[in-house]
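> coords below, sequence missing:
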C-alpha cells in the first residue's frame, strides 16, 4: 500500500463529499467519465490518495489526511459515470466529527459506570443524595412499631397464638369457635374435647339461628 504523496496540491479543484455509518466512511469524488485504467486509489491507515490520468488535460491528484485510522485491507472503491466512490473501513466504531485533520482538540466522551444494586431503584428527586433504600427501611420499621387496636389487635393476637400453638391448641381453637358459633375461643383441648361447646353470646345479647 502506498503512503500519501504529500507533494504539490492538484491543479484542478475537484468537489467531494462524504458521509459515514457505524462501520465505514464513504467519500464521493465528483469526477465524470473516469476509466478504470486511468484511476489509482492508494489506501493507508491514515490517508487515502486518488490519482486520475487524462490524455488531454492535467492529471488530478487528491489526498485525504484522515482524522481517524482505517483498515486499508478492507477499503474499496467503485467508478460510476458521474463519480468515484471510496469506501473506508473504520478501525474503531466511533463517529467522526470531520473527515480530515486532527481531532485531539475535540472533547472525548467519558464512559459512565452504572453501579449494580440488588435493592430498589434510586428514583429521581429534587433533593440530592436521597437514599430511597433508607426511606423504605424506615417505613418498614415504622409499620412494625405501630400497635393495632381494638378488634384488629385481638385478631392479631389469636393469629399469633394459633400460628405458634401445638396441634392440640389448634384443634381446641377450631372446635370451640365452630361449635359456639364464634362466641367461644379456647386453647384448652382437654376441656374442649369432652363435650360440645355451647353458644355463649356476650352479655345483653341473645343468640338466634336464622
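Yep, that arrived. Because the structure is predicted, anything quoted here is derived from the model rather than measured.
> from here on, contacts and neighbour counts on C-alpha atoms
Fine.
> Now do the domain split for this protein, please.
In terms of domains, the chain is parsed into 16-89, 148-210 (source: automatic domain parsing).
> now the helices for the chain?
132-145, 150-164, 167-179, 189-192 (DSSP state H).
> lowest-confidence stretch among the ones you listed?
Note on these: helix 150-164 shows the lowest mean pLDDT, a mean of 68.
> where along the chain do the strands fall?
16-20, 24-29, 39-43, 47-52, 60-65, 76-79, 84-89 (DSSP state E).
> Can you tell me which helices and strands the shortest one packs against?
Contacts of strand 76-79 with other secondary structure elements, assessed using 3 or more CA pairs under 8 Å, 6 or more residues apart in numbering; DSSP states H and E, are made with strand 84-89.
> name the helices or strands packed onto the strand it packs on?
Secondary elements touching strand 84-89 (3+ CA pairs under 8 Å, 6+ apart): strand 24-29, strand 76-79.
> right, so of the ones you listed, which gets closest to residue 159?
Smallest distance to residue 159 across these (CA to CA): 70.1 Å, for strand 24-29.
> The closest one packs against which elements?
Secondary elements touching strand 24-29 (3+ CA pairs under 8 Å, 6+ apart): strand 16-20, strand 84-89.
> Direction included, what does the longest one pair against?
The strands that strand 84-89 pairs with in its sheet are strand 24-29 (antiparallel), strand 76-79 (antiparallel) (by DSSP bridges).
> Please identify the deepest-packed of those.
Across the strands paired with strand 84-89, averaging neighbours per residue (mean count of other CA atoms under 10 Å) puts strand 24-29 on top, at a mean of 19.
> what's in contact with it?
14-20, 83-90 (CA atoms under 8 Å, 6 or more residues apart in numbering).
> are any of these buried, and which?
Buried subset of these (neighbour count, 16 or more other CA atoms under 10 Å): 20, 83-90.
> Return the two entries of the residues you listed that lie farthest from one another.
Across the buried ones among the contacts of strand 24-29, the longest distance by CA to CA is 22.0 Å; it joins 83 and 90.
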